[in-house]
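Colleague: Need coordinates for the below:
(chains A and B)
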Amino acid sequence: CMTNCPTLIVMVGLPARGKTYISKKLTRYLNWIGVPTKEFNVGQYRRDLVKKYKSFEFFLPDNEEGLKIRKQCALAALNDVRQYLSEENGHVAVFDATNTTRERRETIYKFGEENGYKTFFVESVCVDPEVIAANIVQVKLGSPDYVDCSNDEATEDFMKRIECYKNSYETLDETLDKDLSYIKIMDVGRSYLVNRVMDHIQSRIVYYLMNIHVTPRSIYLCRHGESELNLKGRIGGDPGLSVRGKEFAKSLAQFINEQNIKDLKVWTSQMKRTIQTAEALGVPYEQWKVLNEIDAGVCEEMTYEEIQENYPLEFALRDQDKYRYRYPKGESYEDLVQRLEPVIMELERQENVLVICHQAVMRCLLAYFLDKPAEQLPYLKCPLHTVLKLTPVAYGCKVESIFLNVEAVNTHRDKPENVDISRPTEEALVTVPAHQ
Amino acid sequence: YMTNSPTLIVMIGLPARGKTYMSKKLTRYLNWIGVPTKGGGVWGHPCPGLGLLPGNALTPSSLVCEVFNLGVYRREAVKSYKSYDFFRHDNKEAMEIRKRCALVALEDVKSYLLEECGQIAVRSSALKIDLHQGSSKLSGALRGLIWGWGLTVFFVESVCDDPEVIAANILEVKVSSPDYPERHRENVMDDFLKRIECYKVTYQPLDPDANDKDLSFIKVINVGQRFLVNRVRDYIQSKIVYYLMNIHVQPRTIYLCRHGESEANLAGRIGGDSGLSARGKQFSQALKKFIEEQEIVDLKVWTSQLKRTIQTAESLGVLYEQWKILNEIDAGVCEEMTYAEIEAKYPEEFAMRDQEKYLYRYPGGESYQDLVQRLEPVIMELERQGNVLVISHQAVMRCLLAYFLDKSADELPYLRCPLHTILKLTPVAYGCKVETITLNVEAVNTHRDKPSPKSV
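Modeller: Below you'll find the model as predicted:
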């Protein structure tokens, strides 16, 4: 995208309304699609400054000492925001704090204006006591603030902490705040109020926030069963499953049955090997062309040895920057991420899903869920015949790796030590896994 | 759980709030991204990943989305419109007529969705037409009728209190309405404003905090300044919301053209990544001059990532953005071949493509349908932007043009997009004005019509 001014996203809401959850998730999404983003949690600044949290009394509206420290923390965080956006090439900063008064938001807005940032507010409003209680259990009880307390003590203190904010809380108002750009999220996404979306990135942010949910569910990622080309060490192509690949498909069917998953959706690519794998499950499945394996262009169906022989320069360049490297007439991992974005968006909307895809594709999806940066993404381990079960928990994702006990070749090629374009053949091929 | 019940979109709002504008635009967009296909998963469902709407398998030529405009039904029933008195809420006779029209329309909607296998019906009417009471009763009655049919209902309400916007709407689309054949502007304006007043008496906007809190809807306020979105329940509703939040009504112009003639064009070869021919370079210069003469405010220029569009843009001497998704259709194994070579080497493929050019996918390549799916973000961003020049390729340009001019899947692959010709698109009323500008630099013709059926 063309240069636009940086964006400052400002979270708004009482404690335990999901602000940090949203900040972290949004940051992860924006980084994955290639927008450098960083979150700044003012609570964290407070913990760094005030070594030991004593009680909710710190947050009482008439606690002068408390107010002074909190303001100091907010300013320190804003200072870091400025450094990130204006000096470190960040595009988006997420300022995660309660920001519950108009006065505080005014200060931040001015700060944005002075520095040439576009400010976008994200407010989370929730009055459902069950949701709030659940949030407290999920993320507050384990907070460093409550490390020495029992759960009951922590909950009691936290509820009093929320009370400290309530009297001075000024929600974003349709009239008073009509010139601000914002989204107000009500009751964890039951409804939204969106005001004055100014540009492309704000429109994408709004779309993302409107598609995420917090209903518990699991996402299962795996590759197709071992294919005929896998056996020969060849990349790409559209081969069918090998004998062991077919065995895996059956094991997968059994595994899925045992997991007893409610309303499981199954997605595949439009290549034979994923379709054949899904067929064995005996359930309806959806085929997505965008889940097809990375297009290796002129190197399609070659072995790494053949690529080294025919295109040694390309092979070295790929090792130098595997994320951005684009096969001639093919794609890069970076291209793959862009074409997988609708899959991620739909995965966010859905609940229980099994995605049967390919090595490079699975690496991209995994990097999104586990917040892996571009340098690590192309080297994530996604072996054949192994299912990764991802379950959202607290601010992140729990991963369980389940190998389905059917042998397969290894298709993972680590980055070799020598990535120089003039390297000898043996050094280029030293990390190529064994094959027929 | 794979249920994909048909969707009924109900437009709500006082007259001159842009309901028909939004209905038509939304319908055009949904048909463009949702043209269905055979194939898909085990049950033959078209898939979101193909840029299609989840739903029942449909034949390629049927429309996914249709608009049922109550004003049209009313004009059928009451041959000549006299005045705003027809719309007074105490005009019993008129009320009966309007109620009957609404019921007829609903029957047509039902038949379209349930018998003709349409997927989405957009019902555009001012709220009051159906029942004497306000929106909550309407919604309740509609809901009752419709849930009985197994439909999903999504409401789109347009609320506007800016008198300038309303006046502009009236001038743009009401003055030329069949209701006002003599079109004397002041009279039209006067009558129409009184018509609006008739509705205001009983208009009850959707209320998410009370009566309407369980309905799925989007409230568009003041032409997109603000939105209230309530209970989006599925994929299609989420797409509709995203689309409505990205469109705007600011006047602007979109210019579509292809790269200058390329070396491959001269040799009659498809695809590849060749540079411009001498005439192609001439065209770039002519394009530069044309753009300068047009004196366009804040023009954005977009190209693909193939040499020929980039070289064309380079001559303009302005900033431009490269989009990989604007690359020409991938002809797979046929890349860089001439049509004669393709016919000789892959005669079956060649024939299949002529039979079903929209759905046909080159082996190892793409179909027009794939192209539409990958171009969707371009369309969305074009909707957000102001003045844009898109320098692309033949198949790509056909897809973009089909979106703006509401062309069907059958017509799309045969739209004429010659080299060295610019199409200038200007939104106007409910559609798009097109001007064709040839820049007077000769080029080969790359258009291949659908051959007439050969006898076996």
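Colleague: use CA for all of it now, contacts and neighbours both
Modeller: OK.
Colleague: got the contact list for B:D85?
Modeller: Contacts here follow CA atoms under 8 Å, 6 or more residues apart in numbering or on different chains; on that basis B:D85 touches B:N91, B:R195.
Colleague: Please repeat the previous calculation with a cut-off of 10 Å.
Modeller: Contacts for B:D85 (CA atoms under 10 Å, 6 or more residues apart in numbering or on different chains) come out as B:N91, B:A94, B:D191, B:K194, B:R195, B:C198.
Colleague: Make a PyMOL selection of whichever of the residues you listed turn out to be buried.
Modeller: Provided next is the PyMOL selection string for whichever of the contacts of B:D85 are buried by 16 or more other CA atoms under 10 Å in any protein chain shown:
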select buried, chain B and resi 94+191+194+195+198
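Colleague: Any chance of the contacts of B:D85 in a markdown table with pLDDT and distance to B:K239 as columns?
Modeller: Output for these, formatted as a markdown table (pLDDT from 0 to 100; distance: CA to CA, whole Å):
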| residue | pLDDT | distance to B:K239 |
| --- | --- | --- |
| B:N91 | 82 | 40 |
| B:A94 | 80 | 37 |
| B:D191 | 85 | 37 |
| B:K194 | 86 | 36 |
| B:R195 | 83 | 33 |
| B:C198 | 81 | 34 |
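Colleague: Find the nearest non-adjacent residue to residue 296, please.
Modeller: As the question left the chain open, I've gone with chain A. Nearest non-adjacent residue to A:A296, counting by CA to CA, 6 or more residues apart in numbering or on different chains: A:G330, 4.9 Å away.
Colleague: try chain B instead
Modeller: Closest to B:I296 by CA to CA, 6+ apart is B:N387, at 7.3 Å.
Colleague: close to chain B, is the helix-or-strand element of chain A with minimal mean pLDDT?
Modeller: For chain A, using mean pLDDT, DSSP states H and E, the weakest element among its helices and strands is helix A:129-135, scoring a mean of 91. No - Helix A:129-135 does not reach chain B (CA under 10 Å from any CA of the partner chain); its nearest approach is 17.3 Å.
Colleague: Pull out the buried positions in that helix.
Modeller: In helix A:129-135, counting by 16+ other CA under 10 Å, buried: A:V131, A:I132, A:N135.
Colleague: just checking, the residue nearest to A:A296 touches A:D295?
Modeller: Yes - counting by CA atoms under 10 Å, A:D295 is a contact partner of A:G330 at 4.8 Å.
Colleague: Compare these two (neighbour count), which wins?
Modeller: Ranked by neighbour count (other CA atoms under 10 Å in any protein chain shown), A:G330 and A:D295 place A:D295 first, with 23 against 15.
Colleague: so who does that one touch?
Modeller: Residues near A:D295 by CA under 10 Å, 6+ apart: A:235-237, A:326-333, A:335-336, A:360, B:364.
Colleague: Show me which residues of the stretch 351-456 of chain B are close to chain A?
Modeller: Counting by CA under 10 Å from any CA, the stretch 351-456 of chain B sits next to chain A at B:G364, B:E366, B:D370, B:Q373, B:R374, B:M380, B:E381, B:R384, B:Q385.
Colleague: now the residues you listed: which count as buried?
Modeller: Buried members of these, counted by 16+ other CA under 10 Å: B:E366, B:D370, B:Q373, B:R374, B:M380, B:R384, B:Q385.
Colleague: Now do the contacts for the fifth one.
Modeller: Contacts for B:M380 were tallied using CA under 10 Å, 6+ apart; they are A:H200, B:Y29, B:Y242, B:Y243, B:N246, B:I247.
Colleague: Same check on A:N418?
Modeller: Contact analysis of A:N418 by CA under 10 Å, 6+ apart lists A:A316, A:D319, A:Q320, A:P424, A:E427, A:A428, A:L429, A:V430.
Colleague: low pLDDT regions in chain B?
Modeller: B:1-4, B:35-64, B:113-119, B:123-147, B:183, B:454-456 (pLDDT under 70).
Colleague: State which helix of it is the longest.
Modeller: Using DSSP state H to define each element, chain B has its longest helix at helix B:92-110.
Colleague: elements contacting it?
Modeller: Here helix B:92-110 touches strand B:65-69, helix B:70-77, strand B:120-124, helix B:135-149, going by 3 or more CA pairs under 10 Å, 6 or more residues apart in numbering or on different chains; DSSP states H and E.
Colleague: go with 6 Å
Modeller: Here helix B:92-110 touches no other helix or strand, going by 3 or more CA pairs under 6 Å, 6 or more residues apart in numbering or on different chains; DSSP states H and E.
Colleague: Noted, bye for now.
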